[in-house]
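> quick one, fold the following:
(chains A, B, C and D)
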There are 2 protein chains.
Amino acid sequence: MELRQLKTFKTVAQLLNFNRAAEILNYSQSAVSAQIKLLEEELGVKLFERLGKRIALTQAGETLMRYSQKMLDIEKETLTEVSGWKEPHGSISVRIPQRSELIICLLF
Amino acid sequence: MELRQLKTFKTVAQLLNFNRAAEILNYSQSAVSAQIKLLEEELGVKLFERLGKRIALTQAGETLMRYSQKMLDIEKETLTEVSGWKEPHGSISVRIPQRSELIICLLF
DNA sequence: TAAAAATACTCCATAGGTATTTTAT
DNA sequence: ATAAAATACCTATGGAGTATTTTTA
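Now for the predicted structure:
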């Protein structure tokens, strides 16, 4: 699992479309396809239901989405935090992506 | 920034020794050196003070260490969470790596 | 010197692209 | 017939190894 793959996954999961995700990420469609395939193989689960033209997140995909967002949020924070700014500050993020699922993250 | 690099960085930061980190990670010493160098270039900061035989974490390195641990913890949780187990459960982790720096992370 | 990191170089695995095929609408 | 993902194939980049040099304790 690499952050590059999670960024691709997140984009696909939001758009529910490999082609458009590829455009936005400046990848070819097959590159996106390959990244998702690798993720699915590593995790041993399907992340998307392939319904012909339509795709949908599986349960595992929904879960990965939450964790991906968390990791990518932290990556972003890391980039600003490590490369400069030493003023004391923090962040609180709360998300409820689905009923009964709650993520709270405090960093200070 | 990729998780692979953060794992390497974390190991080096703990051992404060590129050679031993390489052994543990099954990398060559130069591979470890290259990964750290890439990270430093991407972040635009030195992560270690090179003091001849000894190395030490810089301030930026200390900061990256905290974030790396967080991301790697989440990665680990993702692997178990996405690949199976649907029993409701959660985790709370609290670390105080340095005076005045506190990380609380709740996931449930 | 000795011990450890940096560097020069080489090589190969894999990430990505193009073109095509498959599949469901 | 169309739109989108999977697949086959090829290429090139960059990640990793070996060997060597540099550094400083």
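> now do the helix or strand harbouring A:T63: distance to the chain's middle.
Secondary structure from DSSP states H and E places A:T63 in helix A:59-82. Helix A:59-82 sits 6 Å away from the centroid of its parent chain (CA atoms, centre = their mean, to the nearest Å).
> how about the contacts made by A:K7?
A:25, A:72 (CB atoms under 8 Å, 6 or more residues apart in numbering or on different chains). Heads up, the C-betas are built off the backbone N, CA and C, glycines and all.
> number of nearby residues for the residue lying closest to A:L64 once chain neighbours are set aside?
Residue nearest to A:L64 in three dimensions, not counting chain neighbours: B:V82, with 5.1 Å by CB to CB, 6 or more residues apart in numbering or on different chains. As a burial measure, B:V82 scores 26 neighbours (other CB atoms under 10 Å in any protein chain shown).
> need the pLDDT of the residue nearest to A:T78 when sequence neighbours are not counted.
Leaving aside its sequence neighbours, A:T78 sits nearest to B:Y67 (CB to CB, 6+ apart; 4.2 Å). Predicted confidence (pLDDT) for B:Y67: 97.
> roughly how far does the residue nearest to A:L64 sit from B:Y67?
Separation of B:V82 from B:Y67 (CB to CB, to the nearest Å): 22 Å.
> same question for A:R4.
Taking CB to CB, one finds A:R4 at 17 Å from B:Y67.
> next: A:T11.
22 Å.
> distance between the ends of stretch A:53-62?
Start-to-end span of stretch A:53-62 (CA to CA, to the nearest Å) is 20 Å.
> chain center to it, what's the gap?
13 Å.
> how about it, does it get close to DNA strand D?
Yes. Using CB under 7 Å from any atom of the strand, we find that stretch A:53-62 touches DNA strand D at A:53, A:55.
> returning to that earlier point: tell me the contacts of the residue nearest to A:T78?
A:74, A:77-78, A:81-82.
> which of those has the most neighbours?
Result: A:V82 is most packed of those (other CB under 10 Å), 26 neighbours.
> helix, strand or coil for the closest residue to A:T58 other than its chain neighbours?
Nearest residue to A:T58, sequence neighbours excluded (CB to CB, 6+ apart): A:K46, at 5.3 Å. Here A:K46 is coil, with the state taken from DSSP: H, G, I helix; E, B strand; the rest coil.
> wait, A:K46 sits on A:L39?
No. The criterion here is CB atoms under 8 Å, and A:K46 misses it with A:L39 at 10.2 Å.
> these two - which one has more neighbours?
Set A:K46 next to A:L39 and count neighbours by other CB under 10 Å: A:L39 wins out with 21 against 14.
> for A:A56, pull up the helix or strand it's in.
Per DSSP H and E, A:A56 falls inside strand A:54-57.
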